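K.L.:
Need coordinates for the below:
(one chain, ligands or ions: 1)
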Amino acid sequence: MTLAVANLAFGYRGAPIGHGVSWSIGAGEVLCLLGPNGSGKTTLLKTLLGLIPAQGGSITLDGRDLARHSRTELARRIGYVPQAHTAFLPFTVSEVVLMGRAARVGLFSAPSAHDREAAQRALEALGIAHLAHRTYTTISGGERQMTLIARALAQEPQILVMDEPTASLDFGNQTQVIGRVAALAAGGLAIVLSTHDPDHAFACADQVALLRGGQLIALGPPQETLTATMLKRLYGIDVTVTYVGEIGRYVCTPSFFLRRALRGQ
Ligand SMILES: Nc1ncnc2c1ncn2[C@@H]1O[C@H](COP(=O)(O)OP(=O)(O)OP(=O)(O)O)[C@@H](O)[C@H]1O
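P.N.:
From the prediction side, this is the model:
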């Protein structure tokens with residue numbers, strides 16, 4: 001399985017947002033999209049999902065143009081995890097997850113035992129089986145995010161596209177979600193996700209794509225791409241990137257010491 005974009009131009013009718021984007025992702029790989037607010041991440045992901053038409057270039061799935069795949073086939077092969085604030089009627093968590101089967105059973109067919117098993121497997125994979133009978137609108141933001149990931153997994157896709165899956169989550173839940181991303185990729189899924197935290201790319205990505213003003217300013221493995229120079233170019237701030245031996249990876253942090261500087265130290 002290969003999902004590739006080549007020289008992609010994307011945007012809205014009468015409002016081009018970005019162009020010149022090229023990358024390719026295969027089974028078991030994670031591509032992390034980083035960029036400041038308004039740089040075009042959501043627009044690019046929506047284009048990747050076929051929700052808005054590409055304005056130029058190409059998106060191919062296994063070498064065939066995305067537009068030439070049927071909507072049903074795309075819905076089966078590509079799962080989408082929107083941001084968790086997406087509104088829902090008061091369905092239970094297990095009903096929301098079962099909705100992920102719609103692309104396989106058809107909207108108006110009753111789910112089979114196999115569909116229910118797939119939903120149950122997804123709940124268990126995300127560690128939220130105990131929430132199955134809770135109402136989606138009454139669970140926490142972190143639990144909703146896990147539910148939306150389970151819904152996409154119940155679809156049994158090959159590719160998962162996640163739009164800021166850690167937005168509005170606390171530190172612990174962000175780590176949980178990024179850990180799940182790494183585990184799902186290890187199980188063979190291809191995952192494209194956007195995030196505002198470069199550390200997430202260090203923690204789970206094979207490739208990181210840096211988007212600024214709708215253009216890709218860098219693409220490559222996180223340890224080669226997320227340098228202090230590149231992060232300054234992306235966000236306009238000084239950043240320190242350090243290798244931490246205990247966890248075997250790089251971390252990054254803004255390099256300001258405001259309190260110390262204010263005390264004149
Ligand atoms: N429906 C639309 N029509 C026209 N322009 C839009 C539309 N939706 C978003 N935009 C514009 O597209 C640009 C990119 O927005 P987008 O939401 O893709 O950025 P983003 O990188 O995901 O931002 P954030 O990190 O804040 O979520 C912004 O300037 C935004 O105002």
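
K.L.:
buried ones in stretch 5-21?
P.N.:
By neighbour count on 16 or more other CB atoms under 10 Å, the buried set for stretch 5-21 is 5, 8-11, 17-19, 21. C-beta: built from backbone N, CA, C; applies to glycine.

K.L.:
For that stretch, which outside residues touch it?
P.N.:
Counting contacts by CB atoms under 8 Å, 6 or more residues apart in numbering, the residues outside stretch 5-21 that touch it are 22-24, 39-40, 43-44, 47-48, 52, 54-60, 209, 211, 213-216.

K.L.:
Which of the residues you listed fall within strands?
P.N.:
Among the contacts of stretch 5-21, DSSP state E puts 22-24, 56-60, 209, 211, 215-216 in strands.

K.L.:
out of the contacts of stretch 5-21, which are buried?
P.N.:
Among those, those classed as buried by 16+ other CB under 10 Å are 23, 39-40, 43-44, 47-48, 52, 54-55, 57, 59-60, 209, 211, 214, 216.

K.L.:
Among the buried residues of stretch 5-21, which lie within strands?
P.N.:
5, 8-11, 17-19, 21.

K.L.:
As TSV, those residues with pLDDT and distance to the ligand would be great.
P.N.:
Shown next, in TSV, are these (pLDDT from 0 to 100; distance: CB to the nearest ligand atom, whole Å):
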residue	pLDDT	distance to the ligand
Val5	97	15
Leu8	98	13
Ala9	98	13
Phe10	98	9
Gly11	98	7
Ile17	98	5
Gly18	97	8
His19	97	13
Val21	97	12
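
K.L.:
ok so, going back, so which of the contacts of stretch 5-21 reach the ligand?
P.N.:
Among the contacts of stretch 5-21, the residues lying close to the ligand (CB under 6 Å from any ligand atom) are 39-40, 43.

K.L.:
Would you format those residues as TSV with distance to Ala203 and pLDDT included?
P.N.:
Output for those, formatted as TSV (distance: CB to CB, whole Å; pLDDT from 0 to 100):
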residue	distance to Ala203	pLDDT
Ser39	21	97
Gly40	24	97
Thr43	25	96
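
K.L.:
Considering those residues, which is situated nearest to the ligand?
P.N.:
Thr43 (3.4 Å; CB to the nearest ligand atom).

K.L.:
doesn't Ile52 make contact with that closest one?
P.N.:
Yes. Thr43 is within contact range of Ile52, at 7.2 Å (criterion: CB atoms under 8 Å).

K.L.:
In which helix or strand does Asn173 reside?
P.N.:
Element membership of Asn173, judged by DSSP states H and E, is helix 171-186.

K.L.:
in that helix, what counts as buried?
P.N.:
By 16+ other CB under 10 Å, the buried positions in helix 171-186 come out as 173-174, 176-178, 180-181, 184-185.

K.L.:
Which is the succeeding secondary structure element to it?
P.N.:
Next element after helix 171-186 (DSSP H and E): strand 190-195.

K.L.:
Kindly state the pLDDT recorded for Arg76?
P.N.:
You'll see Arg76 listed with a pLDDT of 88.

K.L.:
ugh, wrong one, Arg260
P.N.:
pLDDT, Arg260: 64.

K.L.:
Can you name the residues in contact with stretch 129-143?
P.N.:
By CB under 8 Å, 6+ apart, stretch 129-143 touches 84, 88-96, 120, 123, 128, 144, 147, 168-170, 172-173, 176-177.

K.L.:
what's the distance between Ile59 and Thr42?
P.N.:
From Ile59 across to Thr42, the span is 16 Å (CB to CB, to the nearest Å).

K.L.:
what does Thr138 give?
P.N.:
Applying CB to CB to Thr138 and Thr42 gives a distance of 27 Å.

K.L.:
Among those two, which residue is more densely surrounded?
P.N.:
The residue with more neighbours, out of Thr138 and Thr42, is Thr42; 16 against 10, by other CB atoms under 10 Å.
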